[in-house]
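[1] What would the 3D arrangement of this be:
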Amino acid sequence: MMMTNMTFTKGIGSPIYMSPEVLKREHYKMESDIYSYSITMLEIITWQNPFPKEIYNFPWDIADAITSGKRPPIIQEVKEDIKEIIEKTWKQEAKERIRIEEVVRMLERIENKE
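    Prediction:
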């Protein structure tokens, strides 16, 4: 129980994948992993760095953007169903992010449509 209320990263890691609550050094839980999943998913699907160095020169530029509620653009080639999952998993407020079980259900629906 105590472990779920601790901040584990101690500021170590890439801000690209860190949720707003981690970047603000707040306590966090599973929802932070869901946020990281959304960024990873976007990166894998687009084969692009979600925070290009031409725009985000320094790691703190990324942290500032994320904590202020900004997210990387989702290119038009990303299917609407996938875009919906990404947007629901990177919400600013942790409690508003969908749980991984819902992500799995949404992905299964996409697979069944194809």
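[2] Enumerate every residue touching Asp33.
    Not one residue lies near Asp33 by C-beta atoms under 8 Å, 6 or more residues apart in numbering. Every C-beta, even on glycine, is put in place using the N, C-alpha and C of the backbone.
[3] host element of it?
    Here Asp33, judged by DSSP states H and E, is contained in helix 30-46.
[4] could you give me the average pLDDT of that helix?
    Helix 30-46 shows a mean pLDDT of 96.
[5] ranges for the helices of the chain?
    For the chain, the helices defined by DSSP state H cover 20-23, 30-46, 59-67, 80-89, 100-113.
[6] Show me the residue at the heart of this protein, geometrically.
    What sits nearest the mean C-alpha location of the chain, by C-alpha atoms, centre = their mean, is Tyr35, with 3.0 Å.
[7] Go ahead and confirm that residue touches Glu93.
    No. With contact defined as C-beta atoms under 8 Å, Tyr35 does not count as touching Glu93 (10.5 Å).
[8] about what we covered before: select, out of the helices of the chain, the one closest to Ser14.
    Each of the helices of the chain has some distance to Ser14 by C-beta to C-beta; the shortest is helix 59-67, at 7.5 Å.
[9] neighbours of Ser19, just the number please.
    Around Ser19 there are 24 other residues, counting by other C-beta atoms under 10 Å.
[10] show me what contacts it?
    If a contact means C-beta under 8 Å, 6+ apart, then Ser19 has 28, 31-32, 35-36, 66, 94 as its contacts.
[11] For these, work out which two are farthest apart.
    Farthest apart among the contacts of Ser19 by C-beta to C-beta are Glu31 and Ile66. That separation is 14.1 Å.
[12] Please identify which of these two sits among more neighbours.
    The residue with more neighbours, out of Glu31 and Ile66, is Ile66; 25 against 20, by other C-beta under 10 Å.
[13] what sits against that one?
    Going by C-beta under 8 Å, 6+ apart, Ile66 touches 15, 18-20, 23.
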